[in-house]
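Engineer: my questions are about this predicted structure, shown below with the sequence.
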Amino acid sequence: MTPPGPDRSCPLELDGVSFAYGRSMVLWDVSLRVRQGEFVAVVGPNGSGKTTLMKLGLGLLQPGAGQVRLFGQEVRSFRSWSQVGYVPQRAQATSALPVSVEEVVVSGLAARTRRFRRLAEEVERIDHVVELLALEGSRRSRMAELSGGQQQRALIARALVTAPQLLVLDEPTTGVDAEARSVLRESLRHLVEVEKMAVVYVSHDPEGFSGLAQRVVEVEGGRMREGHGQPAVQVAKG
Ligand SMILES: Nc1ncnc2c1ncn2[C@@H]1O[C@H](COP(=O)(O)OP(=O)(O)OP(=O)(O)O)[C@@H](O)[C@H]1O
Ligand SMILES: [Mg+2]
């Protein structure tokens with residue numbers, strides 16, 4: 001049998017993954033496939049392994065068993081990081097730095113494979129994500145002067161500035177008020193429906209993804225259950 005080539009229509013795939021921190025097993029034989037333009041919510045109690053699962057998916061941790069692929073390619077040899085946006089849980093380290101919102105967003109373009117060929121394209125994309133996350137008014141504000149929700153939106157804009165095809169958000173609405181949640185929801189709706197981005201959204205707050213998630217997977221006791229919880233709402237596929 002000829003092994004199939006990289007499946008680029010599958011931005012993220014974990015196949016039979018197990019993981020332990022030292023002797024402490026966290027995940028057993030977990031599989032997850034996220035397709036292009038798909039929004040998958042990941043739920044589960046504190047300490048169930050959701051963040052660990054995301055780190056495995058992004059190659060930040062190595063599984064004890066199983067396989068991880070990004071865009072059909074083994075994560076170990078994956079290099080096209082401009083296709084992936086990641087907002088880690090409690091990503092507040094940047095908040096204390098004396099940098100402006102704009103500088104944070106622009107830093108998303110640094111140290112990445114060149115995504116845009118021309119400076120004008122970069123500038124256009126920066127303007128687009130700033131507008132998408134409703135940050136126009138605070139563009140030149142220092143991160144430290146902003147609220148937690150505004151800071152979080154700036155970090156999401158940073159993750160989006162390379163126009164990734166896969167976005168991983170770990171608890172993006174922690175400390176975010178109703179208005180900012182609604183801005184985030186509408187931004188995500190646009191990204192999935194128009195830009196056909198795949199989104200993995202880890203959250204304890206079902207309100208944050210209701211009406212957006214096509215699938216909800218639950219991590220509990222080191223195992224994963226598919227389709228548990230809120231009935232998934234179908235997002236129109238183009
Ligand atoms: N670096 C680490 N070293 C050792 N154990 C860890 C480490 N990170 C997490 N753990 C443990 O692994 C388990 C899973 O943690 P993880 O952060 O993945 O959970 P989570 O589902 O994201 O929780 P939360 O809902 O609180 O964010 C927990 O028992 C945690 O204590
Ligand atoms: Mg977590």
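Structural biologist: Yes, it's here. Ligands and ions are numbered 1, 2, ... in the order given.

Engineer: ligand 1 contacts on the protein?
Structural biologist: Residues of the chain found near ligand 1 (Cβ under 6 Å from any ligand atom) are 21, 26, 44, 46, 47, 48, 49, 50, 51, 52, 89. Any C-beta I mention is one placed from the backbone N, CA and C, and that applies to glycine too.

Engineer: OK, contacts around the residue positioned nearest the centre of the chain?
Structural biologist: With distances taken as Cα atoms, centre = their mean, residue 168 lies nearest the centre of the chain, 1.2 Å away. Residues near residue 168 by Cβ atoms under 8 Å, 6 or more residues apart in numbering: 12, 54, 57, 58, 84, 85, 86, 87, 199, 200, 202.

Engineer: looking at these, which are in helices?
Structural biologist: 54, 57 (DSSP state H).

Engineer: need the contacts of residue 168 in TSV with pLDDT, can you?
Structural biologist: Below are the contacts of residue 168 laid out as TSV (pLDDT from 0 to 100):
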residue	pLDDT
12	97
54	95
57	95
58	94
84	92
85	91
86	91
87	89
199	96
200	97
202	95
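
Engineer: let me know the closest of the contacts of residue 168 to ligand 1.
Structural biologist: Nearest to ligand 1 among these is residue 202, at 6.9 Å by Cβ to the nearest ligand atom.

Engineer: so in terms of bridging, what pairs with the closest one?
Structural biologist: residue 42, residue 170 (DSSP bridges).

Engineer: my read: it touches residue 90, true?
Structural biologist: No - with contacts counted by Cβ atoms under 8 Å, residue 202 stays clear of residue 90, the gap being 11.9 Å.
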